[in-house]
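Student: could you look at this predicted model? Sequence included:
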Amino acid sequence: SCSTSRTAKQRLLMEIPAGTFLTGSFNLTSKMTLRLLKGSKLLGVTNLSAYPLVPPLPSYGLNRDWAKDHRQRPAALISGFNLTDVIIEGEAE
């Protein structure tokens, strides 16, 4: 399983160890480091219910689901809103 901790400067560190992890959508937070350790792999589940519907950004334009409801789209696998100081690093596959 992954581990989380706070550094001395109150920065959140989330480490993903070696292995394959299936996940639905999740949000990052400001002042956070997501570290994918060597041999780690994040895979998104294929069940759309694991991806909440969110309003689209204006830059997205039309997508394949636009005809269903142009006010919503499935969230990305990894996302966040109004974030600052976020780092994604590591040697994942």
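Tutor: That came through fine. Everything quoted here is computed from the prediction, not taken from an experiment.
Student: okay, the residue nearest to V54 when sequence neighbours are not counted: pLDDT?
Tutor: Leaving out its chain neighbours, the residue that sits closest to V54 by CB to CB, 6 or more residues apart in numbering is A75, at 5.0 Å. Yep, even glycine has a C-beta here, placed from its N, CA and C like the rest. Note for A75: predicted pLDDT of 88.
Student: and what of K41?
Tutor: For K41, the predicted pLDDT is 94.
Student: and it, how many neighbours does it have?
Tutor: Around K41 there are 13 other residues, counting by other CB atoms under 10 Å.
Student: A strand includes it, no?
Tutor: Yes: with DSSP: H, G, I helix; E, B strand; the rest coil as the criterion, K41 is part of a strand.
Student: dig out what it forms beta bridges with.
Tutor: Beta bridges link K41 to T20, judged by DSSP bridges.
Student: from F21, how far out is the residue nearest to the spatial centre of the chain?
Tutor: Here the mean C-alpha position of the chain is nearest to the C-alpha of I78 (CA atoms, centre = their mean), at a distance of 1.4 Å. With distances taken as CB to CB, to the nearest Å, I78 is found 12 Å from F21.
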